[in-house]
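>>> from the sequence below, what's the structure:
(one chain, ligands or ions: 1)
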Amino acid sequence: MCCWRTGPCSCFTGVPWARPDHLGAVGWALPFDVSVVHFTAVSEHVLKNSEALYDRARRVIPGGLYGHQARGLLTRGSHPVFLESASGCRLKDVDGNEYIDFLCAYGPMVVGYGNESVEHAAALQREACDTMNVPAPAMVELAEKLVGMTPGADWALFAKNGSDVTTWSLAVARAATGRDNVAMVAGTYHGVHGWCNQLEKGFPGSERSAVVNFVWNDLDSLDRCLAVEGGLAAVMVTPFRHEAFSDSLLPADGFLEGVRERCSKHGAVMIIDDVRAGFRLHLGGSSQLWGVTPDLLLYSKALANGYPLSAMLGVDSLRSAAREVFYTGTFGTQAVPLAAALATLDCLEALDGPSVMREQGESLCSGLREQAQAAGFGVTISGPAAIPFMTFIDDSEFDLSRRFAGLCADGGVFIHPLHNWFLSTAHSAEDIEQALSITADAFSSLAQDREG
Ligand SMILES: Cc1ncc(COP(=O)(O)O)c(C=O)c1O
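Next up is the predicted model:
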């Protein structure tokens, strides 16, 4: 049986999703059997081409789909398996169904799919050059831009994925301090590398041997980590907790400040992993919302509006360690993502992106709250409004969440039942209004099911 109550299991190969509150630091399992089609599409919502592609995929791709795109994590039978095109905040699947999107490709699409300025900048750069022997000027321009807009940052380095920079930042911290141990909040998602992969399969335990865990919002537990023999090279935290399968949790008053003080006192590097939240809450790094400046700040998802790029920003005192650690990658000089990032940041600044997303997110969340109440469902809406998440109370196996997300997909709204959602600056008041009329119908159908 595949159930989080029975402890870690591996029946869903290659899909790491956490139930951190139950399973602790390491140990992931899904709360339901993903091989079952739970909720089939209603209305005219046909997914024939998606299903046919999935059958082909299963023959040539282990599991058909992998990672967080794995279909079992969405609502089987209602969510499309493959998408064909996207524009603004709208998606079209391979069967021609359209959706207002609140997942934004799991975060990257912060100024909208096909954003004109970003695509123009990317096209110009592509015409000039992309991957070459040495970088294009865009690398320097983006480093200057990020340093200029980020309190405390004196330099920037670039990679491709979030996992690249979470791992790289630990190497910089270790090089700077001469210490091995690093601390992270138990159950937090920092990517897929061996030291933090939340499934143990394929990674020797030794990769985690220098990682100690503490508890979110519990500074006493961090104090215990700081007392570890040899001390800590680094403490890595996300600006708020946003794990899948869990309501999001903001930092308690004084928590991030407490982490900051302790790192300074003990000579440990404070790392904020802003890979998921970056650029939606504050353009100087999400922890600025709580007045906290880390030593290393990590970005990826929203940095280049869908182009592959991540960044590590750091303080001057870590400059020589950053220079000494050897890091490189085949596509490290790629210039198009750098140009796209410059244009994305310009757009976000010009629009005051975080305010736009907060405002639209607040409309969405308050509408959902009212609809849930009117339909007699208890829901928890958590996280900042620009990165919201909704769960149903007393729905430990996410049946209601998956049915609700399925009904939304049938009606033309793409939300995730298990993972936080994302707003973009492409969501207008009209988009939110239209989405809310679809979610209202979804709540009504859910209520009818309950009665029936
Ligand atoms: C907070 C956080 N850190 C790191 C990562 C890993 O990023 P990537 O999937 O780009 O390797 C993620 C991805 O979701 C994330 O949310």
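>>> starting at the chain centroid, how far to stretch 221-230?
When C-alpha coordinates are averaged (Cα atoms, centre = their mean, to the nearest Å), stretch 221-230 and its chain have centres 28 Å apart.
>>> scratch that, stretch 134-144
26 Å.
>>> swap in stretch 443-452?
For stretch 443-452, the distance to the chain centre is 31 Å (Cα atoms, centre = their mean).
>>> got a list of what the spatially closest residue to residue 438 that is not a sequence neighbour touches?
Nearest residue to residue 438 in three dimensions, chain neighbours excluded: residue 411, at 3.9 Å (Cβ to Cβ, 6 or more residues apart in numbering). Just so you know, the C-beta spots here come from the backbone N, C-alpha and C atoms, and that holds for glycine as well. Taking Cβ atoms under 8 Å, 6 or more residues apart in numbering, we find residue 411 in contact with 43, 438, 439, 441, 442.
>>> which of those residues are buried, as a PyMOL select command?
In PyMOL, a selection of the buried entries from the contacts of residue 411 looks like this (16 or more other Cβ atoms under 10 Å):
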select buried, resi 438+439+441+442
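>>> closest to the ligand out of the contacts of residue 411?
residue 439 (24.8 Å; Cβ to the nearest ligand atom).
>>> please identify which helix or strand holds that closest one.
Assigned by DSSP states H and E, residue 439 belongs to helix 429-451.
>>> list the helices and strands that helix packs on?
When contacts are defined as 3 or more Cβ pairs under 8 Å, 6 or more residues apart in numbering; DSSP states H and E, helix 429-451 packs onto strand 98-101, helix 353-375, helix 399-411, strand 413-414.
>>> out of those, which comes closest to residue 63?
Of all these, it is helix 399-411 that lies closest to residue 63, at 19.3 Å by Cβ to Cβ.
>>> tell me what angle that closest one forms with helix 429-451.
Counting by axes from the mean of the first three to the mean of the last three Cα atoms, to 10 degrees, helix 399-411 points 130 degrees away from the direction of helix 429-451.
>>> what average pLDDT does helix 399-411 get?
Across helix 399-411, pLDDT averages out at 96.
>>> where do the strands sit along the stretch 51-200 of the chain?
With strands called from DSSP state E, counting those that start in this stretch, the stretch 51-200 of the chain shows them at 83-87, 90-93, 98-101, 155-159, 182-185.
>>> returning to what we had before: which pair in the contacts of residue 411 spans the largest distance?
Spatially, the most separated pair among the contacts of residue 411 is 43 and 439, at 15.1 Å (Cβ to Cβ).
>>> could the contacts of residue 411 go into JSON lines alongside distance to residue 186 and pLDDT?
Below are the contacts of residue 411 laid out as JSON lines (distance: Cβ to Cβ, whole Å; pLDDT from 0 to 100):
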{"residue": "43", "distance to residue 186": "43", "pLDDT": "56"}
{"residue": "438", "distance to residue 186": "37", "pLDDT": "98"}
{"residue": "439", "distance to residue 186": "33", "pLDDT": "98"}
{"residue": "441", "distance to residue 186": "39", "pLDDT": "97"}
{"residue": "442", "distance to residue 186": "34", "pLDDT": "97"}
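>>> and the ligand, which of the contacts of residue 411 contact it?
Contacts with the ligand within the contacts of residue 411, as defined by Cβ under 6 Å from any ligand atom: none are present.
>>> nearest to residue 247, out of the strands of the stretch 51-200 of the chain?
strand 182-185 (15.3 Å).
>>> buried residues, that closest one. List them.
182, 183, 184, 185.
>>> centre-most residue in the chain?
Central residue of the chain (Cα atoms, centre = their mean): residue 276, 3.6 Å from the mean position.
>>> give me the three-state assignment for it.
The local conformation at residue 276, judged by DSSP: H, G, I helix; E, B strand; the rest coil, is coil.
>>> got a list of what the residue in the stretch 1-150 of the chain that the ligand sits nearest to touches?
Per Cβ to the nearest ligand atom, residue 106 is where the stretch 1-150 of the chain lies closest to the ligand, at 6.5 Å. Residues near residue 106 by Cβ under 8 Å, 6+ apart: 68, 301, 419, 422.
>>> show me what from the stretch 51-200 of the chain comes close to the ligand.
161, 162, 163, 166, 189, 190, 191.
>>> and the residues you listed, which of them are in helices?
162, 163, 166 (DSSP state H).
>>> looking at those residues, which is nearest the ligand?
So of these, ranked by how close each gets to the ligand (Cβ to the nearest ligand atom), first place is residue 162, at 2.2 Å.
>>> wait, doesn't that closest one sit right on residue 301?
Yes: with contacts counted by Cβ atoms under 8 Å, residue 162 reaches residue 301, the gap being 6.8 Å.
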